[in-house]
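Trainee: Any chance you can model this:
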Amino acid sequence: MTAFSDLAKVVAVGPNLIEVELTSTDEYQQLEQKLQIGSYLKISDDEDASLVAVVDGFRVRDSLGTDGVPTDPRFVLSLQPVGRLENGKFYRGGKQITIPPQNVELAENDLLERIYSGEGISSKFNFSTLVQDPSVEVSLDGDRFFGKHIGVVGSTGSGKSSTVAAIIQAATEPTSDQVARGVLNNSHVIIFDIHGEYSTAFPDARVITADDLNLPYWLMNSEELEELFIESNEQNSHNQVSQFRHAVIANKQRHNRNMPVGQVSYDSPAYFSLEEVLQYIDNLNSEVIGRNPDEGLPKSSDPNIGRAGLIDSREQIYFGQKVPFVESSQAAGKKATAGPFAGEFNRFLMRLESRRADRRLDFLLSPKNGEGQVFQTEDMDRLISQFMGFEDDAQANVTILDLSGIPFEVLSVVVSLVARLVFTFSFHFKKLHAADEAELPFLLVFEEAHNYIPQNSSARFNSVKKSIERVAKEGRKYGVSLMIVSQRPSEVSETVFSQCSNFVAMRLTNPADQNYVKRLLPDDLGALTNSLASLEQREAVIIGDAIVLPSLVRVNPITQLPRSMDVNFHAAWQEDWAHRAFEGVIDRWRR
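Mentor: The predicted model follows:
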């Protein structure tokens, strides 16, 4: 029976292209194994060194017989070299071929197994099989995959969410040694779940819904506070910002007298009373200044307030009560005029009141602990720990932040705040334990990232873009990696996507998204990237540092895991440094 090698002949060789002609179409049709775009071929002229190439495309070449009559058409395959075999070991990249080799074979199963076995990788893991040969598991380097940022893209219906779940399941599956000892490792995955769809894949995970979430507003930084409370397009927004900033700083100092004044800033994670700040702004809005000789100060109609009605310090009076001011007048002995901000904050006050009255925002504006008390500065470690997997009932390395019940208008602020808290915690933890070489890695999974990390420059996304772009640029140094998941990659911040070193690209039907992804990918993939529009469900192209070569794979189905009951989570943390996680970190953070 005719073999493939009897029909294949190398007819052209270039630096990145090899052409192979099939000499007989009829005999090729009789072969049991057929070629397709993405099939692997082995090309060699000796036994010690061979080239591995992928079928990039083909064309039909008509030919004439000696009598001038057309013969059967011949196929010419275009191949892209992807690696070489030397002494039985696969290496990425092809050698320059000077003399066209004549031995062209289909890559057999044992060759593909050698390429994708992950030989020599200490942290290999897999979540997929090769499309060309489903019996071949595709091994990746786990350290290179999760130690850098990851992009997962695909249109609706491509299997994107199940792929993310399969990746995380494979990565967090405990080793046999961990199972025997009843411990988990100290890495942690936080999934920002927009649609509330990941809990079934991770029954052991801690799921935090809007009802369980506690994110007091005083943890926010300047950008997040202003995005939540101030409309940047209002004419007097600069006055709103300046006075709101002043009131917040003064109120933080009022409630945190044990903290040195120099440590209390607008961005400090320290408690302040929103109600008192609102009262302060309200008093500014209705303030009247006494204009009699030796006055020039805010003046109350109540002589028991301040110094016979004159208010020397707004900070001492305005936070605690609604001040009744004297009426504006030009009469002798009663001269008084409206204050500099009189009427400036009407819309601002209405907006703040509206926010406070919205019960859906209680997790932000009035969260309370189990004793019914508002969270204070000293509760900060308790607030941070809800995302870190430190809870007593934690049974897995996964926390799911279910954002489906959170109002869309505050979604970006919530994502920004949580991402920034995790990054800042990791930053100070790394600095504090640098000498111990302690590690506490986090993977932040941003589902539907285009909804809150957009390419556009809208002011409402300033805080979240700034937060996540900083993590994208600096997070890996402190053990924080990102997984950016989106069905519209062209609408996601390019600053974030350009920091990704590994991509899992699934079916994309939008031409703009296809071109955007091709431009971001680090390899010249030819037919693989051109096939993005026609991939089947759960098929993906994997490219990046973690895989031996760009590959078309089929993602394994997710597992419906039973709840594990015997894992002693805290034993793992104690074993892997994390029992020291909060020791000194919060104090360092505040400083």
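Trainee: From now on I want contacts and neighbour counts done on CA atoms only, so please keep to that.
Mentor: Fine.
Trainee: any idea which helix is longest in this structure?
Mentor: Longest helix of the chain, by residue count under DSSP state H: helix 411-432.
Trainee: I'd like the average pLDDT over that one.
Mentor: Helix 411-432 shows a mean pLDDT of 91 in the predicted model.
Trainee: Tell me the helix or strand right after that helix.
Mentor: strand 442-446 (DSSP states H and E).
Trainee: tell me which strands and helices that following strand is in contact with?
Mentor: The helices and strands touching strand 442-446, judged by 3 or more CA pairs under 8 Å, 6 or more residues apart in numbering; DSSP states H and E, are strand 188-193, strand 480-486.
Trainee: gap between whichever helix or strand comes after it and the chain center?
Mentor: Beyond strand 442-446 in the direction of the C-terminus, DSSP H and E gives the next helix or strand as helix 462-474. Using CA atoms, centre = their mean, to the nearest Å, the distance from the centre of helix 462-474 to the centre of the chain it belongs to is 10 Å.
Trainee: now the angle from helix 462-474 to strand 442-446?
Mentor: 140 degrees (axes from the mean of the first three to the mean of the last three CA atoms, to 10 degrees).
Trainee: How about the contacts made by residue 333?
Mentor: With contact set as CA atoms under 8 Å, 6 or more residues apart in numbering, residue 333 has these partners: residue 292.
Trainee: what about 6 Å?
Mentor: Contacts here follow CA atoms under 6 Å, 6 or more residues apart in numbering; on that basis residue 333 touches nothing.
Trainee: Could you measure from it over to residue 293?
Mentor: 9 Å (CA to CA, to the nearest Å).
Trainee: what does residue 499 give?
Mentor: In terms of CA to CA, residue 499 sits 64 Å off from residue 293.
Trainee: So those two - more neighbours on which side?
Mentor: Counted by other CA atoms under 10 Å, residue 499 and residue 293 do not tie: residue 499 has more neighbours, with 19 against 8.
Trainee: hang on, the earlier thing: can you list the residues that contact the longest helix of the chain?
Mentor: Looking at what lies outside helix 411-432 - CA under 6 Å, 6+ apart - the contacts are 224, 452, 464, 467, 478, 585.
Trainee: In those residues, find the pair that's most separated.
Mentor: Comparing all pairs in those by CA to CA, the longest separation belongs to 452 and 585, at 29.0 Å.
Trainee: What confidence value was assigned to residue 520?
Mentor: Model confidence at residue 520 (pLDDT) stands at 69.
Trainee: I'd like to know the average pLDDT value across stretch 151-170.
Mentor: On average, the pLDDT along stretch 151-170 is 92.
Trainee: Need the contact partners of it.
Mentor: With contact meaning CA under 6 Å, 6+ apart, stretch 151-170 is reached by 127, 483-487, 503-508, 537-538, 558.
Trainee: Assign residue 342 to helix, strand or coil.
Mentor: Assigned by DSSP: H, G, I helix; E, B strand; the rest coil, the conformation of residue 342 is coil.
Trainee: how about the strands in the stretch 151-300 of the chain?
Mentor: Listed in chain order, the strands of the stretch 151-300 of the chain (DSSP state E, counting those that start in this stretch) span residues 188-193, 206-208, 288-290.
Trainee: Next, the residues that contact the first one from outside, please.
Mentor: By CA under 6 Å, 6+ apart, the residues outside strand 188-193 that reach it are 397-403, 442-447.
Trainee: Return it as CSV; C-alpha atoms alone will do.
Mentor: Coordinates of each C-alpha in strand 188-193 appear next as CSV, following Å, rounded to 0.1, in the frame of the first residue of the first chain:
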residue,chain,number,x,y,z
HIS,A,188,-5.7,31.8,45.5
VAL,A,189,-8.0,32.5,42.6
ILE,A,190,-10.5,35.3,42.7
ILE,A,191,-13.2,35.2,40.0
PHE,A,192,-15.1,38.4,39.2
ASP,A,193,-18.3,36.6,38.0
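Trainee: Adjacent strands (with direction) for that strand?
Mentor: On the basis of DSSP bridges, the sheet neighbours of strand 188-193 come out as strand 398-402 (parallel), strand 442-446 (parallel).
Trainee: Quick check: which of those is nearest to residue 383?
Mentor: strand 398-402 (13.9 Å).
Trainee: List the neighbours of that closest one that are in contact with it.
Mentor: Taking contacts as CA under 6 Å, 6+ apart, the residues outside strand 398-402 that touch it are 188, 189, 190, 191, 192, 193, 196, 205, 206, 207, 208, 209.
Trainee: And for residue 195, the neighbour number?
Mentor: Using other CA under 10 Å as the criterion, residue 195 is surrounded by 12 other residues.
Trainee: likewise the one 3 residues further on?
Mentor: Neighbourhood size, residue 198 [other CA under 10 Å]: 21.
Trainee: next one: the one 10 residues further on
Mentor: Around residue 208 there are 17 other residues, counting by other CA under 10 Å.
Trainee: Poorly predicted segments of the stretch 151-300 of the chain, please.
Mentor: Within the stretch 151-300 of the chain, the stretches falling below the threshold (pLDDT under 70) are 175-184.
Trainee: Let me know which of the strands of the stretch 151-300 of the chain is tucked in deepest.
Mentor: Scoring the strands of the stretch 151-300 of the chain by mean neighbour count under mean count of other CA atoms under 10 Å gives strand 288-290 as the most buried, with a mean of 26.
Trainee: what comes into contact with that one?
Mentor: Under CA under 6 Å, 6+ apart, the answer for strand 288-290 is 296, 297, 298, 299, 336, 337, 338, 339.
Trainee: For the closest residue to residue 330 other than its chain neighbours, give me its contacts.
Mentor: Taking CA to CA, 6 or more residues apart in numbering as the measure, residue 330 lies nearest to residue 336, with 6.6 Å between them; neighbours along the chain are not counted. The neighbourhood of residue 336, defined by CA under 6 Å, 6+ apart, consists of 289, 290, 291, 328, 329.
Trainee: Reformat those as TSV; add distance to residue 314.
Mentor: Converted to TSV, those look like this (distance: CA to CA, whole Å):
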residue	distance to residue 314
289	12
290	14
291	17
328	19
329	22
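Trainee: Residue 9: which element?
Mentor: strand 8-13.
Trainee: What angle do strand 8-13 and the helix or strand that comes right after that strand make with each other?
Mentor: Toward the C-terminus, strand 8-13 is succeeded by strand 18-22 as the next helix or strand (DSSP H and E). Our comparison of strand 18-22 with strand 8-13, counting by the same axes, to 10 degrees, yields an angle of 150 degrees.
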